[in-house]
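Peer 1: based on what follows, work out the 3D shape:
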Amino acid sequence: MPTTTDYLVIGAGPAGLQLAYFLDRAGRDYLVVEAGSVAGSFFGTFPRHRQLISSNKRYTGIDDPEFNLRMDWNSLLSDDEDLLFTKYTPRYFPAADDMVRYLGDYATKLGLNIRYDSRVVEVRKGEEFEVADQNGEVYRAPALIVATGPAKPYLPDIPGIELAEPYTTVSVDPQDFVNQRVLILGKGNSAFETADNLIETAAVIHVAGPNSLRLAWQTHFVGHLRAVNNNFLDTYQLKSQNAILDGHVLRIREDGDGFVASVSFSRADGVVKDIPYDRVIACTGFRLDTSIFSDGCTPELVIKDRFPAQTSEWESTNVPGMYFAGTMMQVRDFKKSTSGFIHGFRYTVKALHRILERKIEDREWPYVPLAADAKALSDAIIARVNRSSALWQQFSKLGDLITVAGKDAAYYEEVPVDYAHDNQFADEYFTITLEYGPDHDKVDPFDINARRISPDNADKAYDAAYLHPVIRHFRRGALLAEHHIAENLENDWTSEDNHRKPLTDFLADRLSQTVLTVAP
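Peer 2: Numbering: from 1, shown residues only. A predicted model of the protein is given here:
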């Protein structure tokens, strides 16, 4: 007989565990099925060089646990104050093994309902989803949440790519590369993590890819190259035999005991050069493994077939009832926010749970009633933007929401902005987000001659490049007005003249123009 449940979650990685926590605390009937023998088994192998790039800042000088999650990129949300990753290691860039230990404790101490050693081999759908594992067990549920992440290694369509050693299995012992010429395909963190590991032993290292190198400190997208992995850039620019190749690798062929790669250089008008190597390594990322989905149950893919297409509820656009949690949620904010990482998706998973509660269980999104008074709303906004970790981590994508009906207002926390527009909570509403300026990635923060908006200039706050609060007034989804709170070096938006009064004046003006009707 099949095992039945209301919510079936595939994968006991960070996202699956986070959703399981919320389902468990809500008293829902749920089950998590996990291919591995432990929670977070992915981190038992990846990253290959065993150092995470997610910040682990234990000391902030502040006692507020909500604020401190701004600096803690690894902890999952829970009601157990001992289940903070900062208590597991003092290292700013922790070891991957610490993550495995932490996730195991999280699953065990919270008593989450997980069935291990259950690798899903088929997903099919009739009236409900039916999921089969490698043991022949069948699980049935009306709601399916896929939290596996993009786990299938991706290899680009290059003739001879089969000659490359994949990142997933290539040796991580630098002594295996002594005095060798090495080509690394890819320009992400895995490529540079691999290159950095070989600097001391390889003779020549080339990192190649068709796209421009993007630096996380400049774009504010942490999936771009992190500083902890960019030591290789020095060896390139300071002429230490290493190089970054901007162009397309057209083909790879065997040549004696080595290989020859034909590279078309973008910066040299497509000039093609044949370059010899002893080893070629493919660090070209991962994609969603769709082989488990039966005909009629395969989610539509987007962004070069990397992620499943999703609605503002993180539901498959073509398979109703199938939702996604974790790194695959980033399709809604790809390279614009942080849903691809724990410090981002712990909040989008929380939002997904609230969406499921609202949609399936008929439970209202939690809110705090307030008077529709400019000062009361201003005080509530200032309090939130100065401590909220969700708005801080999920900049521009998760926001607080204030609905207004006559003299009454309601304050909703951490609502996905797209979802708020698609599922109007009321005719009149305000969104509150933290956002960078539209050209923030064009500002060189280290150039002292670069012009910046003064933090004391509230009238020019809309031109601020750095993270700052933005309040927008909508009526039935149409934007009516917006207000930017001036940026501040330490993100302290409590100044009466620069922050509070301009916001209160804006709200007073907008409230005087609100319509009294409420959306059904």
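Peer 1: give me the next element, helix or strand, following the helix or strand bottoming out on mean pLDDT in the chain.
Peer 2: Across the helices and strands of the chain, mean pLDDT, DSSP states H and E gives its lowest value to helix 216-219, namely a mean of 86. Heading C-terminal from helix 216-219, the first helix or strand you meet, by DSSP states H and E, is helix 231-237.
Peer 1: give me the contact list for the helix or strand that that following helix is followed by.
Peer 2: Sequence-wise, the next helix or strand downstream of helix 231-237 (DSSP H and E) is strand 243-255. Strand 243-255 is contacted by residues 158-161, 163-164, 183, 185, 187, 205-210, 212-213, 233, 236, 259-267, 270, 272, 276, 280 when judged by Cβ atoms under 8 Å, 6 or more residues apart in numbering. Using the backbone N, CA and C atoms, a C-beta is placed for each residue, glycine as well.
Peer 1: low-confidence ranges in the stretch 301-450 of the chain?
Peer 2: For the stretch 301-450 of the chain, the stretches with pLDDT under 70 are 450.
Peer 1: where do the helices sit along the chain?
Peer 2: 14-25, 65-68, 96-109, 189-198, 216-219, 231-237, 342-359, 374-385, 389-393, 417-422, 501-511 (DSSP state H).
Peer 1: point out where this structure drops to low pLDDT.
Peer 2: For the chain (pLDDT under 70), the answer is 450-457, 515-520.
Peer 1: do that again at 80, thanks
Peer 2: Residue ranges of the chain with pLDDT under 80: 268, 439-463, 515-520.
Peer 1: most remote residue from it's center?
Peer 2: Within the chain, residue 256 marks the point farthest from the mean C-alpha position, 43.6 Å out by Cα atoms, centre = their mean.
Peer 1: distance-wise, check it relative to residue 277.
Peer 2: 12 Å (Cβ to Cβ, to the nearest Å).
Peer 1: over to residue 96?
Peer 2: 29 Å.
Peer 1: just to revisit the earlier point, closest one to residue 56 among the helices of the chain?
Peer 2: The minimum distance between residue 56 and the helices of the chain falls on helix 96-109, with 8.6 Å, by Cβ to Cβ.
Peer 1: off-centre distance for the closest one?
Peer 2: When distances are taken as Cα atoms, centre = their mean, to the nearest Å, helix 96-109 is centred 20 Å away from the chain's centroid.
Peer 1: buried sites along that helix?
Peer 2: Residues of helix 96-109 classed as buried by neighbour count (16 or more other Cβ atoms under 10 Å): 96, 98-104, 106-107.
Peer 1: and what of stretch 327-346?
Peer 2: 327-333, 337-346.
Peer 1: can you give me the strands in the stretch 301-450 of the chain?
Peer 2: Assigned by DSSP state E, counting those that start in this stretch, the strands in the stretch 301-450 of the chain fall at 301-302, 307-308, 322-324, 367-371, 398-405, 408-416, 428-435.
Peer 1: please disregard the earlier target; I meant the stretch 1-150 of the chain.
Peer 2: Under the criterion DSSP E, counting those that start in this stretch, the stretch 1-150 of the chain contains strands at 3-4, 7-10, 30-33, 114-115, 120-125, 129-133, 138-141, 143-146.
Peer 1: report the beta-bridge partners for residue 472.
Peer 2: Beta-bridge pairing of residue 472 under DSSP bridges involves residue 431, residue 482.
Peer 1: got the contact list for it?
Peer 2: Per Cβ under 8 Å, 6+ apart, neighbours of residue 472: 430-431, 433, 479, 481-483.
Peer 1: out of these, which end up buried?
Peer 2: Applying 16+ other Cβ under 10 Å to the contacts of residue 472 flags 430-431, 433, 483 as buried.
Peer 1: residue 145 is in contact with residue 321, isn't it?
Peer 2: No - using Cβ atoms under 8 Å, residue 145 is not in contact with residue 321; the gap is 9.8 Å.
Peer 1: so between the two, which is more surrounded?
Peer 2: residue 145 (29 against 15; other Cβ atoms under 10 Å).
Peer 1: take the contacts of strand 243-255 and keep only those in strands.
Peer 2: 183, 185, 205-209, 259-265, 272, 276, 280 (DSSP state E).
Peer 1: of these, buried ones?
Peer 2: 183, 185, 205-209, 259-264, 280.
Peer 1: turn those into a markdown table, columns for distance to residue 16.
Peer 2: A markdown table is the format used below for those (distance: Cβ to Cβ, whole Å):
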| residue | distance to residue 16 |
| --- | --- |
| 183 | 36 |
| 185 | 31 |
| 205 | 37 |
| 206 | 38 |
| 207 | 33 |
| 208 | 35 |
| 209 | 31 |
| 259 | 40 |
| 260 | 44 |
| 261 | 39 |
| 262 | 43 |
| 263 | 41 |
| 264 | 42 |
| 280 | 35 |
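Peer 1: name the nearest of those residues relative to residue 128.
Peer 2: The closest of those, once distances to residue 128 are taken by Cβ to Cβ, is residue 185, at 42.2 Å.
Peer 1: that closest one reaches residue 195, doesn't it?
Peer 2: No - using Cβ under 8 Å, residue 185 is not in contact with residue 195; the gap is 11.2 Å.
Peer 1: sorry, back to before: widest-spaced pair of the buried ones among the ones in strands among the contacts of strand 243-255?
Peer 2: Among those, the pair separated by the greatest distance (Cβ to Cβ) is 205 and 264, at 19.8 Å.
Peer 1: count of neighbours near residue 295?
Peer 2: Neighbourhood size, residue 295 [other Cβ under 10 Å]: 6.
Peer 1: state the distance from it to residue 384.
Peer 2: Taking Cβ to Cβ as the criterion, residue 295 is separated from residue 384 by 47 Å.
Peer 1: ditto for residue 237
Peer 2: 43 Å.
Peer 1: when the two are compared, which one has more neighbours?
Peer 2: Using other Cβ under 10 Å, the more surrounded residue of residue 237 and residue 384 is residue 384, with 19 against 11.
Peer 1: so what's that one up against?
Peer 2: 391, 400, 413, 432.
Peer 1: quick check, the third one in contact with residue 366.
Peer 2: Right, the one you point to is residue 413. Yes - between residue 413 and residue 366 there is a contact under Cβ under 8 Å: 7.2 Å.
Peer 1: so those two - more neighbours on which side?
Peer 2: Using other Cβ under 10 Å, the more surrounded residue of residue 413 and residue 366 is residue 413, with 20 against 11.
Peer 1: who touches that one in this structure?
Peer 2: Counting by Cβ under 8 Å, 6+ apart, the residues that residue 413 touches are 366-367, 384, 388, 390, 400.
Peer 1: kindly report the same for residue 242.
Peer 2: 195, 199, 204-207, 232, 235-236.
Peer 1: I'd assumed residue 409 was in contact with residue 372.
Peer 2: Yes - here residue 372 reaches residue 409: they are 4.3 Å apart, a contact under Cβ under 8 Å.
Peer 1: residue 399 and residue 362, how far apart?
Peer 2: Between residue 399 and residue 362 the distance is 24 Å, computed by Cβ to Cβ.
Peer 1: which one of the helices of the chain lies closest to residue 77?
Peer 2: Of all the helices of the chain, helix 342-359 sits nearest to residue 77, with 5.3 Å by Cβ to Cβ.
Peer 1: packing partners for the closest one?
Peer 2: helix 14-25, helix 389-393, strand 398-405, strand 408-416 (3 or more Cβ pairs under 8 Å, 6 or more residues apart in numbering; DSSP states H and E).
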